[in-house]
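Fold the following for me, if possible:
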Amino acid sequence: MVLARPEVGPGAPARGPARGPGRGVRGTAVRLGLMALPLAFFAVFFAYPVASIVSRGLKDGGQWQFGRIGEVVTDPAIGHVLWFTTWQAAASTALTLALALPGAYVFARFDFPGKRTLRAVVTVPFVLPTVVAGSAFLALLGRGGLLDEWWGVRLDTTVWAILLAHVFFNYAVVVRTVGGLWAQLDPRQEEAARVLGAGRFTAWRRVTLPALAPAVAAAALMVFLFTFTSFGVVQILGGPRYATLEVEIYQQTAQMLDLPTAAVLTLLQFVAVAALLAVHAWTVRRREATLKLVDPARTARRPRGAAEWAFLASVLAVVAVLILAPLVVLVLRSFDGPDGFGLAFYRALASADGNSGTFVVAPLEAIGNSLAYGLAATAIAVVIGGLAAAALTRREGRLVRGFDALLMLPLGTSAVTVGFGFLISLDEPPLDLRASWILVPLAQALVGVPFVVRTVLPVLRAVDVRLREAAAVLGASPVRAWREVDLPLVGRALGVAAGFAFAVSLGEFGATVFIARPDSPTLPVAVARLLGRPGELTYGQAMALSTILMLVCAAALLVLERIRTDRTGEF
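The predicted structure is shown next:
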């Protein structure tokens with residue numbers, strides 16, 4: 001509720017209902033009630049598993065061994081991992097901004113045939129599992145890949161393969177975050193500066209760039225966060241020479257069984273991610289608070305003149321080379337069987353024979369498993385994320401900001417730690433879930449919830465508060481007002497949020513690789529297992545499964561582009 005503005009003059013009555021102490025207390029109680037289930041979910045399935053594995057690693061005989069932190073931090077090998085993690089994240093972020101900002105401008109300011117479909121295409125890599133992104137670049141840059149066949153050049157096991165794959169993966173983050181805001185900036189402000197004598201670049205630098213700075217900073221921070229915690233891409237393309245913190249945590253946990261070192265690395269990553277998320281939240285609040293936006297439909301236009309058409313063509317060429325080429329090569333490799341082009345690798349997916357013990361079931365069953373797990377994870381994410389977004393509708397207060405930051409933590413916390421934490425913490429009644437199928441959807445929902453919140457929250461905040469006030473005046477409770485006013489207005493955004501949660505759940509790998517049962521693998525886990533085995537058959541099957549997963553994600557995103565509105569969040 002907000003107070004109605006009083007009329008000017010002595011003794012003028014207020015036009016709206018007064019907000020007394022009782023109403024403020026009731027609003028706080030409703031908000032806390034909405035937070036209760038999300039807080040319980042994150043406490044049990046995020047904080048508890050992470051705390052359990054850190055405690056298990058840093059305790060010896062019931063005593064905390066904090067000296068282990070100093071030993072790990074001062075280890076030269078760990079120092080090299082920390083340096084490489086930070087360096088490659090910074091380089092990936094800079095390269096992504098350089099290549100994606102022109103694309104953000106094109107999607108924001110130009111109107112051209114196929115724009116909606118192309119926006120879905122550039123988003124496909126973002127929701128793909130990192131192992132699939134790694135597979136695509138392996139098919140393009142690795143041994144026997146397109147560059148190897150044509151020019152004898154191999155870039156796998158080099159840092160350039162990692163950097164290019166990170167750009168491929170995060171291109172959509174910049175295009176959607178920066179382009180979404182750019183499309184809502186009034187171009188007449190820049191035109192006015194040019195009328196007053198400023199050149200094109202000067203007008204852009206002094207008018208548009210300051211307005212875009214918060215969005216660029218937010219996109220850069222998100223790209224840095226995703227590349228700082230990179231796992232599948234580095235594991236597949238980096239080889240034994242390169243390891244990020246996430247890869248090192250996996251190796252220390254799964255291969256060396258060194259929980260103390262893994263626990264320290266988890267804490268270091270957690271501190272770095274928390275700092276990044278705090279800065280990101282500040283940039284988002286600044287962007288929301290300082291800009292006056294217009295309808296994006298008023299700002300897009302057809303390109304004018306040869307220069308603008310050439311600029312559009314150059315951006316489309318970058319998209320073709322950077323986004324489409326790896327996906328096309330991935331599809332081609334899936335059909336390139338031992339007897340020429342055909343469906344040999346796809347037919348092999350229907351049988352567990354010939355996989356050298358990689359699976360106890362046919363790899364094709366991973367498709368049904370992933371769809372079932374994804375639907376369950378989507379339902380959980382929509383319920384938890386929807387309640388959280390409703391609680392966050394009011395912007396002010398440390399409680400709201402802290403709760404918002406909590407919801408983002410799973411995006412940057414080691415998924416390997418979460419997955420292994422599930423195994424060692426959820427092993428006693430009433431939370432003995434290790435043998436339950438629900439464990440995988442719970443882990444996937446942790447990643448889906450932030451996307452639901454980021455998609456639904458801007459729409460909820462755009463609802464005219466006077467509609468809620470009118471419902472309250474007519475006697476509706478806050479819960480009924482939300483059900484009758486807000487929910488009908490955000491139905492489409494909830495559909496988009498569910499679609500993103502489903503696509504992201506399909507691609508979750510870091511935690512699922514620990515908890516997926518051998519007889520119920522998911523698609524990303526199946527791809528990783530196949531890539532880990534030598535042989536043309538397993539490689540071809542990995543390409544085939546990756547292609548199937550890519551097509552499912554692409555279909556979901558094309559549907560989302562049909563139903564999305566211009567205000568359905570950053571993504």
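
alpha carbons only for contacts and neighbour counts from here, please
Fine.

Just the buried residues of stretch 240-255, please?
By neighbour count on 16 or more other Cα atoms under 10 Å, the buried set for stretch 240-255 is 242-253.

can you check stretch 120-133 too?
Of the residues in stretch 120-133, those buried (16+ other Cα under 10 Å) are 120-133.

ditto for stretch 49-67
Here stretch 49-67 shows 49-58 as buried, counting by 16+ other Cα under 10 Å.

sorry, back to before: quick one: which of the buried residues of stretch 240-255 sit in helices?
Under the assignment DSSP state H, these contribute 245-250 to helices.

For stretch 202-222, list the C-alpha coordinates in CSV.
C-alpha atoms of stretch 202-222 as CSV (Å, rounded to 0.1, in the frame of the first residue of the first chain):
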residue,chain,number,x,y,z
THR,A,202,29.8,12.0,-29.0
ALA,A,203,26.0,11.8,-28.6
TRP,A,204,26.1,8.1,-28.0
ARG,A,205,29.0,8.5,-25.5
ARG,A,206,27.4,11.3,-23.5
VAL,A,207,23.7,10.3,-23.7
THR,A,208,23.2,6.6,-24.4
LEU,A,209,26.3,5.1,-22.8
PRO,A,210,25.7,6.5,-19.3
ALA,A,211,22.1,5.2,-19.4
LEU,A,212,23.4,1.8,-20.5
ALA,A,213,26.2,1.6,-18.0
PRO,A,214,24.2,-0.2,-15.3
ALA,A,215,22.9,-2.8,-17.7
VAL,A,216,26.4,-3.4,-19.2
ALA,A,217,27.8,-3.7,-15.7
ALA,A,218,25.1,-6.2,-14.7
ALA,A,219,25.7,-8.3,-17.9
ALA,A,220,29.4,-8.2,-17.4
LEU,A,221,29.1,-9.4,-13.8
MET,A,222,26.8,-12.2,-14.8
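
What about residue 177, how many residues nearby?
By other Cα atoms under 10 Å, the residues close to residue 177 number 21.

The stretch 201-350 of the chain: strands as residue ranges?
For the stretch 201-350 of the chain, applying DSSP state E, counting those that start in this stretch gives strands covering 336-337, 340-341.

Let me know which of those is tucked in deepest.
strand 336-337 (a mean of 17; mean count of other Cα atoms under 10 Å).

one step back: taking the buried residues of stretch 240-255 together, which two end up most distant?
Farthest-apart pair in the buried residues of stretch 240-255 is 242 and 253; separation 17.3 Å (Cα to Cα).

What helices and strands are in contact with the helix ranked longest in the chain?
Assignment by DSSP H gives helix 76-109 as the longest helix of the chain. In terms of contacts (3 or more Cα pairs under 8 Å, 6 or more residues apart in numbering; DSSP states H and E), helix 76-109 is packed against helix 159-182, helix 209-228, helix 245-250, helix 305-319.

Go again with 10 Å.
For helix 76-109, the packing partners by 3 or more Cα pairs under 10 Å, 6 or more residues apart in numbering; DSSP states H and E come out as helix 67-73, helix 115-127, helix 159-182, helix 209-228, helix 245-250, helix 259-290, helix 305-319.

tell me the mean pLDDT over the fifth one?
The average pLDDT for helix 245-250 rounds to 85.

Using CSV, write down the CA coordinates of it.
What follows is helix 245-250, C-alpha atoms only, in CSV (Å, rounded to 0.1, in the frame of the first residue of the first chain):
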residue,chain,number,x,y,z
LEU,A,245,37.9,-23.7,-9.2
GLU,A,246,34.8,-25.7,-10.1
VAL,A,247,36.9,-28.3,-12.0
GLU,A,248,39.4,-28.5,-9.1
ILE,A,249,36.6,-29.0,-6.6
TYR,A,250,35.3,-31.9,-8.7
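
buried stuff in the helix or strand hosting residue 374?
Assigned by DSSP states H and E, residue 374 falls within helix 365-391. Within helix 365-391, the residues that count as buried by 16+ other Cα under 10 Å are 365-367, 369-371, 373-382, 384-391.

do stretch 423-435 as well
Going by neighbour count (16+ other Cα under 10 Å), the buried part of stretch 423-435 is 423-426, 433-434.

about what we covered before: nearest to residue 192 among the buried residues of stretch 240-255?
Nearest to residue 192 among the buried residues of stretch 240-255: residue 244, at 47.7 Å, using Cα to Cα.

Is that closest one in contact with residue 81, as I believe?
Yes - between residue 244 and residue 81 there is a contact at 5.8 Å, judged by Cα atoms under 10 Å.

Average the pLDDT values over stretch 422-439 and round to the nearest integer.
The average pLDDT within stretch 422-439 is 81.

Just the residues contacting it, thanks.
Surrounding stretch 422-439, the residues in contact under the criterion Cα atoms under 10 Å, 6 or more residues apart in numbering are 44-46, 48-53, 56, 369, 373, 376-377, 416, 419, 440, 442-443, 511-512, 514-517, 520.

From these, which land in helices?
Counting by DSSP H, the contacts of stretch 422-439 contribute 48-53, 56, 369, 373, 376-377, 416, 419, 440, 442-443, 512, 514-515 to helices.
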